[in-house]
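K.L.:
Build me a model from this:
(one chain, ligands or ions: 1)
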Amino acid sequence: MDAVRVGVVGFSWGCWKCSESVQCVVGPYRYGDNEIPLGDPAQTLAREILLQDGKTEVAALLVRKHHRDGSEGELASHCGSCGAVQGNFYVQNEALSRLIDADGHIETLDLIADGECDEAAWKDASPEYGDGVGMIYF
Ligand SMILES: [Zn+2]
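P.N.:
Numbers count the residues shown, from 1 in each chain. Predicted coordinates:
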């Protein structure tokens, strides 16, 4: 099967809780596409690509949040200073508004990692085939 070249895109902002800079992960991005798949399968792939590319510090902060009842939530970016979760909804909204402001140029987001996966792994991450929750289109 052909390998799919995948970048992981994100941006930095100030943590809502402690104001320290946080590298937020938006998701994986297949080069040439104009969409970023969202949701847990996509974040799982993003995490794998981060590890593949040696971005262990970012990967270590893209972890499951814990709910008050002890259950585990989806993978989300966390602050390296205070540990606060950076809500996926807010991260995705911020990415979308940055893309809109930049007329859809993906370069407005940081390319945090670069790697590849097989086609089956890409399909798992994509809501068209897997159980992802949606896309950011730009
Ligand atoms: Zn913080």
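K.L.:
Isn't Val4 up against Arg30?
P.N.:
Yes. Between Val4 and Arg30 there is a contact at 5.7 Å, judged by CB atoms under 8 Å. (Glycine included, C-beta is placed from N, CA and C.)
K.L.:
Leu109 and the ion, how far apart?
P.N.:
Going from Leu109 to the ion by CB to the ion, to the nearest Å gives 21 Å.
K.L.:
Check Cys117 too.
P.N.:
Cys117 is 31 Å from the ion, by CB to the ion.
K.L.:
for Glu72, same thing?
P.N.:
Between Glu72 and the ion the distance, using CB to the ion, works out to 21 Å.
K.L.:
Now list whatever residues contact both of Val4 and Arg30.
P.N.:
Listed as contacting both Val4 and Arg30 by CB atoms under 8 Å, 6 or more residues apart in numbering are Trp122.
K.L.:
Quick check: Lys123 is in a strand.
P.N.:
No. Lys123: not assigned to a strand; according to DSSP: H, G, I helix; E, B strand; the rest coil it is helix.
K.L.:
for this structure, which spans come out with low pLDDT?
P.N.:
1, 128-133 (pLDDT under 70).
K.L.:
Return the residues in contact with Ser77.
P.N.:
10, 22-25, 61-62, 85-86, 91.
K.L.:
Out of those residues, which sit inside strands?
P.N.:
Judged by DSSP state E, the contacts of Ser77 include 10, 22-25, 62 as members of strands.
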